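> after the sequence you'll find the predicted model.
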Amino acid sequence: MKLKDNYLLLLFLVCIAIFFVNLDALPVNIMEARNFATAREMINLDHWIFTTLNNEPRYEKPPLPTWLTAFSMFLFGLKSLFALRLPAAIMGTLTVIFIYKLGLRISSHRKFAFIAGLIGATSFYILFSGRDGQWDIHTHAWMIMAIYCIYNILNQTGSLYKNAILAGVCIGCSFLSKGPVSMYALLLPFLIAYGVVYNYSNFYKYWKALLIALLIAIVLSASWSLYVYYFDTQAVAKITDRETGRWLDYNVRPFYYYWSFVIQSGIWTIPAFVGLLYPYLKNRVFNKSGYKFTLFWTLGALILLSVIPEKKSRYLLPVLIPLALNTAFYIEYLFRRFDMIPIKERWVVNFNFGLIAFIGLFVPVAGLFYLNEQFALIWPWYIMASFCLAGIAVLMLYYLKLKRIKPVFYLSVWFIISIIFFGLPVLKKMELNPSYKSILVVDYFREDIDKPVYEFRSFSPEMVWEYGQPIKVLWDGKKYLKPETDEFLLLNLPADFDTMQKVFSDYRIEKIEEINMNPIGTTHRDRLYRDLYLLNKK
C-alpha cells in the first residue's frame with residue numbers, strides 16, 4: 001500500500017506534528033500548574049494515593065492522569081515541559097486515531113474516516129487540550145476508546161467479551177481521569193443517538209457482554225474514591241461539599257451559552273455549522289443513517305451540557321468529537337461534488353477557506369508592525385512562518401479558483417501544522433513582560449539565613465509550581481497562624497497589607513521585593529503577583 005493510501009499512518013504522522021512538536025513553547029497555565037505540582041508531590045512527598053497540592057488534600061480530581069504525568073517526570077525530569085505535557089499529547093493522538101477508527105466502523109469509508117480524523121486533530125479545542133497538561137483530554141480519550149469497543153459489541157463485530165473487557169477498563173480509566181464527566185457528556189449522548197438511529201436490535205445476543213463491561217467499569221471507577229473516602233473521610237466530605245456547590249453557583253451561565261459551540265472547532269467553524277443543517281445535507285451525504293447518528297450524538301451532547309448550570313468553554317471538548325465526524329460528511333460531499341454544485345452553495349466554502357488564506361497573507365504583514373523591537377530575537381522563525389503561511393494562502397486561493405476543494409482541505413491542515421512548527425517558537429522567544437520576576441528570587445534572600453517562607457492568605461498554583469516545593473499558607477480558613485520563628489519571609493498581596501499589619505503588629509515588617517510572574521506586561525492577575533516581606537519579632 002502506498003503511503004498516500006495508508007490513511008491511519010498518515011493520520012498518526014499528522015498527530016505527531018500537531019501534538020508533539022514545540023510542546024514546551026507556551027508557559028505553564030493555572031490548570032497545568034495545579035496538575036504538575038500534584039504530580040511532583042507524588043514523587044517528592046510520596047503522595048501517590050492521597051494526592052495533594054501545596055501539601056493540602058486535592059481529591060477534586062481522580063489521579064490517573066497525574067500518575068501518568070509523574071511517570072513521565074521519572075523518565076524525563078521534573079522540569080521538562082515536554083515530559084509534563086507528553087501524556088496529554090499521547091491522549092490527544094489516541095482521541096484522533098479512534099475518531100478515525102469509529103468513523104470507519106460507522107461508514108466503511110476510509111477516506112471519510114481520514115477526513116474526520118484530520119478535522120478532529122485540527123479542531124481548536126482538541127488541538128489545544130492535546131498540547132496542554134490538563135485532564136479533559138484524558139477522560140475523553142479513554143471514553144472514545146470505550147465507545148469504539150461498545151460500538152463493536154452493539155454490532156457484534158469481533159470478540160464480544162474482549163470488547164466488553166476493554167470497554168469496561170476504558171470507562172473505568174475515564175472515570176479515574178475526571179470522574180463521570182465523559183460518561184455524561186460523551187457516552188450517554190452516544191447511547192441515545194445509537195438507540196434513536198439504529199435501535200438496540202438483537203439485544204439478547206450481547207447483553208451479557210454489556211453487563212461485564214458495566215461491572216468492570218463500576219469496580220475500577222470506584223476503587224480510588226472509596227479507598228480515599230475510607231481513610232480520609234473528613235477531607236473528602238469537605239471537598240465534595242465544595243465541589244457540589246460549584247455545580248450550582250460557580251460559573252453559572254444561561255442554557256443557550258454553548259450554542260455557539262461550532263466556534264470551538266476553529267478553522268472548521270463554518271463547515272461544522274453547515275454540517276448541522278440536516279434539511280440541506282440529508283440527501284447529499286453518502287451514508288444517511290451514519291450522518292443522522294453523528295448529528296444526534298453532537299446535538300445530544302450539546303443539550304446535556306447545556307442543562308448543567310456551571311459552564312466553561314473547555315467543557316465543550318466532548319462535543320467536538322462527534323462534531324468532527326459530522327463535519328466530515330459535509331467535507332466528503334464537497335470532495336465529490338464541489339466542481340458541480342451551484343454558485344450559491346460554493347460561496348460559503350469559498351468564504352471559509354478564503355478567510356483562512358487571508359489570515360495567512362495578513363499575519364506576516366501585521367507581524368512587522370506588532371513585533372517592533374523584538375523582531376531581532378525571532379526573525380528566523382518569523383520569516384519561516386511568513387513564508388509557509390503566505391505560500392499556503394496563495395495555493396489555497398489558486399485551487400479555490402480551479403474548484404478543487406480536496407487540496408484546499410489538506411492545505412488547511414498544513415496551515416495549522418505550519419503555525420505549530422514556526423509560529424509557536426515566535427511566542428516562546430518573545431519577552432512580553434519586561435517586569436517579570438520569578439518567585440525563585442525568594443531563595444536569594446534565604447541564602448545567608450535559612451528563613452522559612454509563608455503565604456499570608458492563599459497560594460497561587462503557578463507560584464507553587466515555579467518555586468518547586470509547597471509554601472505553607474497561614475490562613476487556615478478561620479484564623480491566621482503565627483510561625484514559631486522570630487524571623488521569616490512572607491508573601492502577600494498589596495490588598496491584604498493592612499490585615500497583615502494587624503495580625504503581625506508585634507513584628508517589624510520590611511518589604512524587600514516584588515514578584516511579578518504575569519507573562520504579559522499589560523495584563524495583571526493578582527494570583528501571579530506578590531510582595532515579599534521580611535518579618536522580625538520586636
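Looks like it arrived, so ask away. Predicted model, so just to flag it, every value in this text is computed and none were measured.
> surely R508 is in a strand?
Yes: if the criterion is DSSP: H, G, I helix; E, B strand; the rest coil, then R508 is within a strand.
> per-residue pLDDT, it?
In this model, R508 is scored at 93, pLDDT.
> mind listing the strands for this structure?
52-53, 56-57, 453-455, 472-473, 487-492, 507-516, 529-537 (DSSP state E).
> of those, which is nearest G391?
G391 sits nearest to strand 507-516 of all the strands of the chain, at 39.9 Å, using Cβ to Cβ. Backbone N, C-alpha and C define where each C-beta goes, glycine included.
> what angle sits between that closest one and strand 487-492?
50 degrees (axes from the mean of the first three to the mean of the last three Cα atoms, to 10 degrees).
> let's see strand 507-516 as CSV, backbone CA atoms only.
Output of strand 507-516 as CSV, limited to C-alpha atoms (Å, rounded to 0.1, in the frame of the first residue of the first chain):
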residue,chain,number,x,y,z
TYR,A,507,6.7,42.3,64.2
ARG,A,508,8.8,44.7,62.2
ILE,A,509,7.7,44.4,58.6
GLU,A,510,10.0,45.3,55.7
LYS,A,511,9.1,45.0,52.1
ILE,A,512,12.1,43.6,50.3
GLU,A,513,11.0,42.5,46.8
GLU,A,514,8.1,42.4,44.3
ILE,A,515,7.4,39.2,42.5
ASN,A,516,5.6,39.6,39.2
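> which of the residues in that strand are buried?
Y507, E513, I515, N516 (16 or more other Cβ atoms under 10 Å).
> contacting residues for the residue nearest to I144 when sequence neighbours are not counted?
Nearest in space to I144, with sequence neighbours left out and distances taken as Cβ to Cβ, 6 or more residues apart in numbering, is F98 at 4.6 Å. Counting by Cβ atoms under 8 Å, 6 or more residues apart in numbering, F98 touches A141, I144, M145, I147, Y148.
> so what's F98 scoring on pLDDT?
On the pLDDT scale, F98 gets 98.
> can you check V252 too?
78.
> ok, now the one 5 residues further on?
Reported pLDDT at Y257 in the predicted model: 83.
> these two touch, right, it and K311?
Yes: if you go by Cβ atoms under 8 Å, Y257 and K311 touch, sitting 4.9 Å apart.
> neighbours of the closest residue to I416 other than its chain neighbours, just the number please.
Distances taken as Cβ to Cβ, 6+ apart place T122 nearest to I416, at 4.6 Å, with adjacent residues excluded. Around T122 there are 24 other residues, counting by other Cβ atoms under 10 Å.
> and T122, what does it touch?
I18, G266, I267, W268, S412, V413, I416.
> those: which two are farthest apart?
So, the contacts of T122 by Cβ to Cβ: farthest apart are I18 and W268, at 14.0 Å.
> any chance of JSON lines for the strands of the chain, columns distance to N6?
Output for those, formatted as JSON lines (distance: least, Cβ to Cβ, whole Å):
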{"stretch": "strand 52-53", "distance to N6": "44"}
{"stretch": "strand 56-57", "distance to N6": "48"}
{"stretch": "strand 453-455", "distance to N6": "54"}
{"stretch": "strand 472-473", "distance to N6": "55"}
{"stretch": "strand 487-492", "distance to N6": "55"}
{"stretch": "strand 507-516", "distance to N6": "51"}
{"stretch": "strand 529-537", "distance to N6": "52"}
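> before we move on, back to that, from the buried residues of strand 507-516, which is closest to L320?
Distances from L320 to the buried residues of strand 507-516, taken by Cβ to Cβ, are shortest for N516, at 35.5 Å.
> returning to that earlier point: R85: which of the strands of the chain is closest?
When the strands of the chain are compared by Cβ to Cβ, strand 52-53 sits nearest R85, at 18.3 Å.
> residues touching stretch 405-423, excluding its own?
14, 17-18, 21-22, 115, 118, 121-122, 127, 267, 331, 334-335, 338, 349, 353, 356, 360, 381, 384-385, 388-389, 392, 395-396, 399-400.
> ChimeraX command to pick out the buried ones of those residues?
Under the burial definition 16+ other Cβ under 10 Å, those of the contacts of stretch 405-423 that qualify are selected in ChimeraX by:
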select :14,17,18,22,115,118,121,122,127,267,331,334,338,349,353,356,360,381,384,385,388,389,392,395,396,399,400
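> which of the contacts of stretch 405-423 fall in helices?
Taking DSSP state H, the ones among the contacts of stretch 405-423 that sit in helices are 14, 115, 118, 121-122, 127, 331, 334-335, 349, 353, 356, 360, 381, 384-385, 388-389, 392, 395-396, 399-400.
> so how far is L220 from the closest residue to Y315 other than its chain neighbours?
Nearest non-adjacent residue to Y315, counting by Cβ to Cβ, 6+ apart: L305, 6.0 Å away. To L220, L305 is 25 Å away according to Cβ to Cβ, to the nearest Å.
> what's next to stretch 473-484, contact-wise?
N54, P452, Y454, E455, F456, R457, S458, F459, L490, V503, F504.
> for stretch 428-442, same thing?
22, 24-26, 371, 374, 377-378, 381, 453, 463, 466-468, 489, 491, 513-521, 530, 532.
> in that stretch, what's buried?
By neighbour count on 16+ other Cβ under 10 Å, the buried set for stretch 428-442 is M430, N433, K437, I439, V442.
> quote the end-to-end distance of it.
End-to-end distance for stretch 428-442: 25 Å, by Cα to Cα, to the nearest Å.
> quick one: mean pLDDT for that stretch?
80.
> show me how far it is from its chain's centre.
25 Å (Cα atoms, centre = their mean, to the nearest Å).
> and for T240, the neighbour number?
T240, neighbours per other Cβ under 10 Å, totals 14.
> and the gap between it and G120?
To G120, T240 is 34 Å away according to Cβ to Cβ.
> and for D498?
52 Å.
> neighbour count: these two, which is higher?
Each of D498 and G120 has its neighbours counted (other Cβ under 10 Å); G120 has more, 32 against 9.
> grab the nearest non-local neighbour of that one.
A324 (3.8 Å).
> residue contacts, the one you found?
I99, A116, G117, I119, G120, S123, I126, S265, W268.
> pretty sure the second one is touching I99, no?
If I follow you right, that is A116. Yes: between A116 and I99 there is a contact under Cβ under 8 Å: 5.4 Å.
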